[in-house]
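Student: Sequence plus predicted model, see below.
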Amino acid sequence: MAEHRFLRALRRQPVDCTPVWIMRQAGRYLPEYRATRARAGSFVKLCKTPELACEVTLQPIARYPLDAAILFSDILTIPDAMGLGLSVEDGVGPRLAHPLRTRADIERLGVPDPETELRYVIDAVRLIRRELRERVPLIGFAGSPWTLACYMIEGEGGASFARAKALAWDEPATMHRLLEVVARAVAAYLAAQAAAGAQALMVFDTWGGLLAPAMFREFSLRYLAQIARSIQSHNVASRVPLILFSKGANAHLEALADTGCAALGLDWTISLGAARARVGARVALQGNLDPAVLHARPETIRAEVQAALADFGPHPGHVFNLGHGITPDVDPDRLAVLIDAVHESSATATVRAPS
Ligand code: CP3
């Protein structure tokens with residue numbers, strides 16, 4: 001079978017039309033997701049039951065002509081497997097019962113074995129690959145070491161993650177020890193997802209953009225590069241394209257492209273054309289409409305899609321997405337408008353081979 005357009009685009013090969021998937025495509029804006037979530041009883045139970053995680057992963061694939069499925073899980077499965085105790089409360093967000101409070105807490109941490117402590121995720125990957133029957137490729141994912149460390153130190157999502165930053169400033173060696181063990185855990189976890197059938201891998205560095213430039217290089221970028229190298233040295237995972245998404249970190253696109261990843265995810269604060277001019281010869285780009293566009297009228301959504309496609313230009317190497325996750329208040333019919341517009345508008349454009 002010819003390789004799917006999503007995987008071709010990640011390799012910057014020509015495609016018949018621009019592939020599209022949506023961050024958080026399996027989520028609360030879908031009534032079928034809310035029904036399965038209610039049946040599971042809790043978000044964590046949903047993640048930890050491979051049959052249910054598989055069911056919700058496939059829901060957006062059944063409803064829309066999407067070009068990729070993404071494993072239904074959460075970035076906080078790793079802290080949970082390290083013993084920090086994850087729960088997700090309605091309207092509150094994720095919470096860890098045992099956040100890291102002392103240096104001893106950090107020194108105690110070990111790298112979880114994906115096939116035992118995170119077995120439910122790896123089983124979900126195997127099940128989803130089987131149930132997808134090659135319709136579309138499956139993306140596996142993990143959080144970045146910096147983003148996971150933020151949650152592990154604070155215990156919950158906060159606006160500033162000041163406690164995590166203070167540790168980086170006051171006790172850099174302790175922070176590096178934490179990031180080192182989390183980076184090894186992330187690399188092993190991603191490699192296990194690839195071995196179980198994930199055909200692309202994505203790292204969400206959601207809070208990378210909170211760091212000043214020198215801090216970003218020392219505490220986020222360095223560990224993203226370590227993960228990219230580790231994946232490349234792994235015999236199964238090395239053939240699986242890696243997408244890095246450092247939200248709010250547009251100042252560092254060149255350095256991110258130099259990590260050896262296949263693609264960069266972009267938020268909506270940079271134009272695709274500007275990003276492509278800086279790094280497009282080295283990596284594919286994924287993104288990047290403002291998620292709020294899905295509240296606009298259908299004709300506006302179509303116009304914004306066309307503008308983004310035109311901005312990227314008639315080159316290979318674009319995977320369409322939003323610049324961050326779809327929000328729970330979106331009308332599912334608006335997403336159908338966006339997906340159709342991506343396929344229709346890009347099919348009429350010429351897609352040239354790389355020059
Ligand atoms: O993209 C997908 O469809 C795959 C599923 C996915 C989820 N979380 C499902 C989820 C992915 C890739 C994530 C990653 C994730 N989780 C990130 C990085 C991506 C990003 O958004 O920047 C982060 C920061 C988290 C931590 C987390 N987990 C947050 C901030 C929340 C939302 C809290 C809330 O109530 O709004 C969660 C819970 C979560 N993860 C939900 C979903 C669908 C909603 C929980 C529910 O169903 O009750």
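Tutor: Yep, that arrived.

Student: Give me the contact list for whichever helix or strand Glu51 is part of.
Tutor: Here Glu51, judged by DSSP states H and E, is contained in helix 50-63. Outside helix 50-63, the residues that touch it by Cβ atoms under 8 Å, 6 or more residues apart in numbering are 22, 25-26, 30, 32-33, 36-37, 39-40, 45-47, 66, 69-73, 120-121, 123-124, 127-128, 131-132, 135-136, 138, 332, 336. (Each C-beta comes from the backbone N, C-alpha and C, glycine too.)

Student: Now do the closest residue in space to Ile22 that isn't next to it in sequence against Ile70, distance only.
Tutor: Spatially, and ignoring its direct neighbours in sequence, Ile22 is nearest to Ile326 (5.4 Å; Cβ to Cβ, 6 or more residues apart in numbering). According to Cβ to Cβ, to the nearest Å, Ile326 stands 12 Å off from Ile70.

Student: With Asp205 instead?
Tutor: For Asp205, the distance to Ile70 - Cβ to Cβ - is 16 Å.

Student: So between those two, which is more surrounded?
Tutor: A count of neighbours by other Cβ atoms under 10 Å puts Asp205 above the other of Asp205 and Ile70, at 27 against 24.

Student: For the nearest residue to the more buried one once chain neighbours are set aside, give me its contacts.
Tutor: In this structure, Asp205 finds its nearest non-sequential neighbour in Ser144, 3.6 Å apart by Cβ to Cβ, 6+ apart. Going by Cβ under 8 Å, 6+ apart, Ser144 touches 186, 203-206, 208, 220, 223-224, 227, 246.

Student: again, only this time at 7 Å
Tutor: Residues near Ser144 by Cβ atoms under 7 Å, 6 or more residues apart in numbering: 203-205, 208, 220, 223-224.

Student: for the residues you listed, which one is nearest Val182?
Tutor: Nearest to Val182 out of the contacts of Ser144 is Tyr223 (Cβ to Cβ; 7.6 Å).

Student: Wait, that closest one touches Pro145, no?
Tutor: Yes - counting by Cβ atoms under 7 Å, Pro145 is a contact partner of Tyr223 at 4.0 Å.

Student: what is in contact with those two at once?
Tutor: Contacts common to Tyr223 and Pro145, judged by Cβ under 7 Å, 6+ apart, are 179, 183.
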